[in-house]
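Trainee: Have a look; sequence and predicted model below, questions after that.
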Amino acid sequence: MELLKVLFSLNKTTEQIPLPGQVIISPVETSWNDFGFKIRCEFKVRISEKHSPVEGSMFIGFLSPDNLSESEIDDFYEKRDSLTSHILRSGQDIVTKNMLPPFFTMLPDLQGYRDLYDNLGDKGLALFLRCVNDLVFHKQSSENWMKRAIETEVFKLGFMRNSEPFFAFYNADSVIAGEELRNNSTISNILNLEFKLSGFVNSHQLDFKYQPDSIIPKRIGVIIGKNGVGKSESLKAFCRGALQHKDKGLSLTDSDGKRPMINRLIAITSPGEASNTFPSERRATQKLYYRRLNLSSKGNSLGQCLLQLARGEERIGGLTRKEIFSKMLREAGLDTEHICVQLKSKHYLGLSHFLYGGGEQDKLTWWANVDPNAEPKTSRNGEYFSLSSGQLTFFRFALLCCLYIENGSFVLLDEPETHMHPNMIATFIGLLDHLLKLTGSQALIATHSTYIVREVPTEQVLVLSVEEDEVQTNRPRLPTFGATVDSISQFVFNEDTETRLTEKLYNRLKGENFADYEYELSNELSLSALMRLKRMMESEV
């Protein structure tokens with residue numbers, strides 16, 4: 001049953017007023033170069049008698065009818081018939097959708113979807129988009145026509161020619177679902193999290209205070225502790241609290257005890273981490289923009305993410321997202337001139353060239369043929385090699401953050417140090433902080449790594465521990481920013497590495513004369529460890 005009657009007319013929609021329950025679509029002749037497809041249209045829709053007519057712009061493309069032979073299908077697409085030519089061929093001024101070949105549409109930018117949402121509401125917008133075969137609305141559909149539509153030349157070269165429709169195709173579903181919060185880019189600086197885990201006699205209570213404008217900016221919070229103390233569960237609880245899940249005993253509030261101000265929530269899991277660290281996305285019902293991203297090879301398609309980045313021209317702090325991404329890679333020691341993107345043809349294209357080079361038609365060809373599942377390679381002397389696990393983790397992190405972070409975002413990361421070299425961790429935290437600064441955002445990290453702890457001030461670190469099934473939350477007693485790894489480990493994990501190793505050596509030399517080993521050990525032990533061993537061995541005498 002058709003809920004809205006879709007009509008096509010050569011007369012401009014501004015000259016016509018649709019009846020209640022009607023959509024009128026008319027072609028627009030412009031000088032805009034879309035490779036001859038002439039996809040620009042205007043529409044006017046009136047959902048019902050109580051609604052006023054709403055108008056806007058859209059793209060339209062056509063599919064070959066099902067009853068054609070292969071040669072006739074080739075001829076159909078070769079002609080590149082526009083809406084105007086299809087209407088003229090019918091011999092009528094106004095035609096219905098069943099008088100035309102199968103068609104599909106899309107609005108030219110995100111603002112178009114936003115305006116329709118504001119004018120029609122969520123149900124009216126969904127009704128309109130469903131009836132005009134909008135590609136964003138049907139994007140998750142398994143219907144054959146949708147799959148055919150995105151493989152057509154008119155979609156790849158016409159619809160996707162500019163950045164605005166490209167981003168509309170990949171991101172307007174958040175507008176349709178009512179998730180997007182556009183009027184608020186502020187974020188709460190004081191956050192109080194409380195939740196109850198089975199196996200603990202008391203609740204977890206974690207307090208976070210962010211101070212982005214202090215002398216040492218405090219944009220990143222860190223939760224650290226041994227296994228089993230609830231680090232990942234704390235991130236999960238934070239996420240569920242921000243999304244307003246109704247969990248018993250769970251609360252996430254600001255300094256006034258109210259729901260905190262967070263514009264969007266980005267949760268990133270690391271390779272090897274359980275997929276259920278963070279709740280699933282519920283785009284049809286969630287009111288806060290929320291994305292769950294994965295740094296593993298089973299996560300988000302690298303090719304598609306790189307494609308979105310290459311197409312974008314949006315700026316953050318004066319730089320485009322791809323410029324920030326390139327900067328992050330260079331500072332991590334990854335040369336964008338030698339990193340390569342794989343195309344479906346199995347050929348490789350330099351990442352820098354993929355992001356910035358080539359003419360317009362070259363770019364469209366590359367973008368249409370990037371392999372969505374292939375991982376980047378590094379080229380040396382004409383050969384291509386895989387990135388190390390740490391390099392690939394950093395690459396994915398930089399890509400996802402640059403692609404999805406917006407003003408007022410809260411970024412949750414579960415053990416991001418996995419597979420990452422300690423030297424790269426400092427770069428990782430520095431670049432994350434830079435992104436947070438550009439967007440007025442904050443982050444919370446659950447980690448085992450003392451290398452991450454020494455990159456943030458003491459006030460930003462929460463140490464979780466358990467004594468007799470009671471969870472305890474403490475701040476480190478020593479300044480953490482720039483501290484030694486050993487000193488942090490000693491407090492966090494009750495681990496004195498030097499003492500432990502000295503005792504192990506003492507057990508091997510017990511009963512021996514220290515003087516017989518002093519010269520040899522002096523070249524291998526620190527002075528403090530050597531003196532401790534001497535005291536232990538001489539105390540036997």
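Mentor: Perfect, I can see it now. Numbers count the residues shown, from 1 in each chain.

Trainee: Strands of the stretch 251-400 of the chain, start to end?
Mentor: 251-253, 264-269, 289-294, 315-316, 319-320, 339-342, 348-350, 377-380, 383-386 (DSSP state E, counting those that start in this stretch).

Trainee: Switch those strands over to JSON lines; also include mean pLDDT, distance to Asp74 and mean neighbour count.
Mentor: In this view, the C-beta of every residue, glycine as well, is placed from N, C-alpha and C. Below are the strands of the stretch 251-400 of the chain laid out as JSON lines (pLDDT from 0 to 100; distance: least, C-beta to C-beta, whole Å; neighbours: other C-beta atoms under 10 Å):
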{"stretch": "strand 251-253", "mean pLDDT": "95", "distance to Asp74": "58", "mean neighbour count": "18"}
{"stretch": "strand 264-269", "mean pLDDT": "89", "distance to Asp74": "45", "mean neighbour count": "24"}
{"stretch": "strand 289-294", "mean pLDDT": "86", "distance to Asp74": "40", "mean neighbour count": "21"}
{"stretch": "strand 315-316", "mean pLDDT": "77", "distance to Asp74": "43", "mean neighbour count": "14"}
{"stretch": "strand 319-320", "mean pLDDT": "84", "distance to Asp74": "39", "mean neighbour count": "16"}
{"stretch": "strand 339-342", "mean pLDDT": "89", "distance to Asp74": "29", "mean neighbour count": "22"}
{"stretch": "strand 348-350", "mean pLDDT": "88", "distance to Asp74": "29", "mean neighbour count": "18"}
{"stretch": "strand 377-380", "mean pLDDT": "89", "distance to Asp74": "36", "mean neighbour count": "15"}
{"stretch": "strand 383-386", "mean pLDDT": "89", "distance to Asp74": "36", "mean neighbour count": "11"}
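
Trainee: Using CSV, write out the CA atom coordinates for the longest helix anywhere in the chain.
Mentor: In the chain, with assignment by DSSP state H, the single longest helix is helix 110-131. Extracted C-alpha coordinates of helix 110-131, given in CSV (Å, rounded to 0.1, in the frame of the first residue of the first chain):
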residue,chain,number,x,y,z
LEU,A,110,23.0,16.7,5.7
GLN,A,111,21.3,20.1,6.1
GLY,A,112,18.5,18.9,3.8
TYR,A,113,17.8,15.9,6.1
ARG,A,114,17.9,18.2,9.1
ASP,A,115,15.5,20.7,7.6
LEU,A,116,13.0,17.9,6.7
TYR,A,117,13.3,16.5,10.2
ASP,A,118,12.5,19.9,11.7
ASN,A,119,9.5,20.4,9.4
LEU,A,120,8.1,16.9,9.2
GLY,A,121,9.1,15.3,12.4
ASP,A,122,10.6,11.8,12.6
LYS,A,123,7.5,9.9,11.4
GLY,A,124,6.8,12.3,8.6
LEU,A,125,10.4,12.3,7.5
ALA,A,126,10.5,8.5,7.5
LEU,A,127,7.3,8.3,5.5
PHE,A,128,8.6,10.7,2.9
LEU,A,129,12.0,9.0,2.5
ARG,A,130,10.5,5.6,2.3
CYS,A,131,8.1,6.6,-0.5
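
Trainee: re earlier: same list, the strands of the stretch 251-400 of the chain, but as CSV with distance to Ile25 please.
Mentor: Formatted as CSV, those follow (distance: least, C-beta to C-beta, whole Å):
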stretch, distance to Ile25
strand 251-253, 46
strand 264-269, 34
strand 289-294, 31
strand 315-316, 34
strand 319-320, 34
strand 339-342, 38
strand 348-350, 38
strand 377-380, 46
strand 383-386, 48
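
Trainee: for these, which one sits closest to Ser487?
Mentor: With C-beta to C-beta, the closest approach to Ser487 among these belongs to strand 264-269: 28.6 Å.

Trainee: can you give me the angle that closest one makes with strand 289-294?
Mentor: 10 degrees (axes from the mean of the first three to the mean of the last three C-alpha atoms, to 10 degrees).

Trainee: May I have the strands that pair with strand 264-269, each with its orientation?
Mentor: In the sheet, strand 264-269 lines up against strand 289-294 (parallel), strand 409-414 (parallel) (DSSP bridges).

Trainee: what does that strand rub up against?
Mentor: With C-beta atoms under 8 Å, 6 or more residues apart in numbering as the contact definition, strand 264-269 has outside contacts at 181, 235, 239, 242-243, 275, 277-278, 288-296, 299, 397, 400-401, 404-406, 408-414, 416.

Trainee: count of residues packed around Pro165?
Mentor: 25 (other C-beta atoms under 10 Å).

Trainee: With Leu302 instead?
Mentor: If we define neighbours as other C-beta under 10 Å, then Leu302 has 23 of them.

Trainee: mind listing what's buried in stretch 105-122?
Mentor: Within stretch 105-122, the residues scored as buried using 16 or more other C-beta atoms under 10 Å are 105-110, 112-117, 119-120.

Trainee: Helices along the stretch 251-400 of the chain, start to end?
Mentor: In the stretch 251-400 of the chain, the segments counted as helices under DSSP state H, counting those that start in this stretch are 302-311, 321-331, 351-356, 360-369, 389-404.

Trainee: for those helices, which one sits closest to Lys97?
Mentor: helix 360-369 (28.1 Å).

Trainee: The closest one packs against which elements?
Mentor: Here helix 360-369 touches helix 302-311, going by 3 or more C-beta pairs under 8 Å, 6 or more residues apart in numbering; DSSP states H and E.

Trainee: quick one: the helix it packs on to strand 289-294, angle?
Mentor: Using the same axes, to 10 degrees: helix 302-311 against strand 289-294 is 130 degrees.
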